[in-house]
Structures are given as structure tokens and as C-alpha cells.
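In: pasting the structure only:
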């Protein structure tokens, strides 16, 4: 017996006047007809995503393991230039400022959820297109600081940057938060802050202090914002279908430009001369997330995981980086790679589905940067 398919014509639908579409609908089941004409599912309501952040002074160790971990040995003489303290050398431990995340408005309970591999990065802000990010910021350092975001929508009272723009005094309170001061930043996340048609489901923007942008960022005040396409984020704003997010900031952090250089030099037994090129060289920390010579805690992932790498850079003309993954490959903008190009203040999203277990190198492929310590490792387990 031949089964007949029901055919329905509704004069309120355009299909009723389109013979081609009518023919197509005639072959559809009732379930498919419902799916074709049912109202679209409502997207999740926009969320107010509030983060509590303080800028704080810390002692930061670029090489906490005390070893060259890429090869698993002691530092050689060339490497000791960057990490060994001396009468006129600071070594691997520098006084810095960082953005620290908290769980409450009174900043009494630190957010300990950050992955150790994130290192010196400030807290990661997640949002979905349509949301609003609110950052309650307190400056607990001795220097003025601010929070300037990339990509998202902000008004003059939440730009976090001093500019000769004719702003009112009220609109300039965000530009220059004094020691002990507070400011609440409001950043909207419209569609133009989210992934474009050729992007994956999420992308990464930078944020950083912008009172004295060069000195602030070299001192350590920066972090990342992840924006996920509307309808493709979980309740926390993280992209659906991604098992592991990994963050990597490539930067030759110039401690000669630190806000705290003078006081660090004052503690040295032998003061370097003003034109001491060797001293200045020793303060160029070729780091990934604030670590040198593969001292960064290894991010761990599993074979078959959907891993999203957010790769970022800050710095000067020497910060022309070529991040390279050993052992596995990534997709960037639909292109298969194991090395990519990275410029100062730019960001890249790289998707990996690791199929090769082991501990693998992850480093900048610029020769001078390898020698100076811009190396890390990651681990893939079965």
C-alpha cells in the first residue's frame, strides 16, 4: 500500500503562494511542519555579570621552580642573566601589581577558582552577547590604576583611560582611581562585541590599566574578557561544547618600565649605572603568563577534548611572536596550524582537539625569545 503524505495549505503563510515551497511542504511530516513554522525558541535573558576586583601589590616570581623546565636542568650561564639575583641584578622575583578577583563586594574572600596556568593574568570575565559586565574595582596599590576594556561597549565614565576629550569631572572618575579608591565600571556586550560570522562561538578581548598604559601593563595589570555568541553560552557565560579553556599571554615584560623599578633598584647592594645595558637586558622577562623557561604550571587536557586556546600579546616592537604547539594542531579561522602569528595587543582563538597524549612544548618560535625563556608546556592525558 502506498502511504500518502498529508498536505496542508495555510493562506496566512507565504508558502501558500509559492508552488515550489508548497511542493516541499507536501513531502514533510507533521513534526517537520511544526518545526518549520513554530515560533523560535526564546534566547536566555540578558544577565548582569558582576565581578569584584582589586589591584594589589605582590612579589612575583617568573621562575618559581628554580630550574629550566623545558629540558629539565639547571639554568646555564646565559639563562642566569634573567633569573639569577646578584649585587646588581634583581633576578626572577619582582615587585609587581596584579588584578585579583574576589567573591564579595567587601573584598574579603578571594576567588581561588583560577587555573594555576593563568599565572599573572587578572580574573577572566565571561559574558554572552546581550549581557552587561559590572566590575566593582578597588585600588589597593600605592599607584593610581584603572580598568580599560577592549571590544565591549562603554561610556566615558567606564572607559578607564585618561584622554583630552572634554569629559566632565564625573565622567573622569574612572580614568584615575587613586590608592584606596573604588570605582564601578559598566561594560555592555552588544552584538558588535561578540563573535563575527567567521569567528568561533567565543572570542577574547583584553583589559588593562590605562593611567600610564606602558608602565601599568609592564607592572602586571592586565586580564581577559571572553564574549560568547548569543544563545551559545552556559549559565556562567562560558561557550557551550568547550571542555577546556586555556589562556596564554605572550609578552616581553619590561621591568625597566615597571612602576616599582626605583624601589627594587634601591634594595640592590650595587646600584647599576644609568647606561648599564646588561642590567636593562636582565629585566626583559620573555614570559608566557608571567613565567619564563617553562615554569608555568602545565594546563592539562584529555584526548578528544574540545580545547579552546585564547592567545594574547602585549608589548613593543620586539613582541612579534609565533606561538607553536608541539604534538597537536589547532584550527584558527578555519585554517589548520601548529604555529600562528601574534602582534602586540592582538588576540587569537585557536581550537584544538588533541589526539596525541604526552607532555608537549608550547613556545614562541622566535629564536631569541626561545633563548630568553618564552617557553611553556602543556599536557594531554588519555
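Out: Perfect, thanks for sending it. These numbers were taken from a predicted model, which means no experiment stands behind them.
In: burial of the residue lying closest to residue 73 once chain neighbours are set aside, as a residue count?
Out: Nearest residue to residue 73 in three dimensions, chain neighbours excluded: residue 67, at 6.8 Å (C-beta to C-beta, 6 or more residues apart in numbering). For the C-beta atoms, the positions are set from N, CA and C on the backbone; glycine is no exception. By the criterion of other C-beta atoms under 10 Å, residue 67 has 16 neighbours.
In: Same question for residue 328.
Out: As a burial measure, residue 328 scores 20 neighbours (other C-beta under 10 Å).
In: Against residue 189, how distant is residue 210?
Out: In this view, residue 210 and residue 189 are 20 Å apart by C-beta to C-beta, to the nearest Å.
In: out of the two, which sits in the more crowded spot?
Out: Applying other C-beta under 10 Å to residue 210 and residue 189 shows that residue 189 carries more neighbours, namely 27 against 23.
In: Can you name the residues that contact the more buried one?
Out: 127, 128, 129, 130, 131, 132, 133, 152, 153, 227 (C-beta atoms under 8 Å, 6 or more residues apart in numbering).
In: Report the two members of the residues you listed separated by the largest distance.
Out: Maximum pairwise distance in the contacts of residue 189, criterion C-beta to C-beta, is 14.2 Å, between 128 and 153.
In: Looking at these two now, which is surrounded by more residues?
Out: Neighbours were counted for residue 128 and for residue 153 using other C-beta under 10 Å; residue 128 has more, 27 against 15.
In: With adjacent residues omitted, what lies nearest to that one?
Out: Sequence neighbours aside, residue 233 is the residue nearest to residue 128 in space, at 3.9 Å (criterion: C-beta to C-beta, 6+ apart).
In: Pairing partners for that neighbour in the sheet, please.
Out: In this entry, residue 233 is beta-bridged to residue 239, by DSSP bridges.
In: For the stretch 251-382 of the chain, give me the ranges with low pLDDT.
Out: The model of the stretch 251-382 of the chain has no residue with pLDDT under 70.
In: all helices in it, in order from the N-terminus.
Out: 261-266, 277-282, 367-372 (DSSP state H, counting those that start in this stretch).
In: Tabulate the ones you listed (CSV), appending distance to residue 159 and mean neighbour count.
Out: CSV is the format used below for the helices of the stretch 251-382 of the chain (distance: least, C-beta to C-beta, whole Å; neighbours: other C-beta atoms under 10 Å):
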stretch, distance to residue 159, mean neighbour count
helix 261-266, 27, 13
helix 277-282, 33, 14
helix 367-372, 33, 16
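In: can you redo those helices as TSV with distance to residue 162?
Out: Converted to TSV, these look like this (distance: least, C-beta to C-beta, whole Å):
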stretch	distance to residue 162
helix 261-266	22
helix 277-282	28
helix 367-372	32
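In: burial measure for residue 97, as a count.
Out: Look at residue 97: counted by other C-beta under 10 Å, it has 25 neighbours.
In: where does it land on pLDDT?
Out: Note for residue 97: predicted pLDDT of 98.
In: Report the beta-bridge partner residues of it.
Out: Assessed by DSSP bridges, residue 97 has beta-bridge partners residue 57.
In: one step back: who are the contact partners of the residue nearest to residue 128?
Out: 44, 126, 127, 128, 202, 239, 240.
In: So which residues of the stretch 251-382 of the chain form strands?
Out: Applying DSSP state E, counting those that start in this stretch to the stretch 251-382 of the chain gives strands spanning 284-288, 300-302, 307-314, 323-325, 330-332, 335-337, 347-352, 358-364, 375-381.
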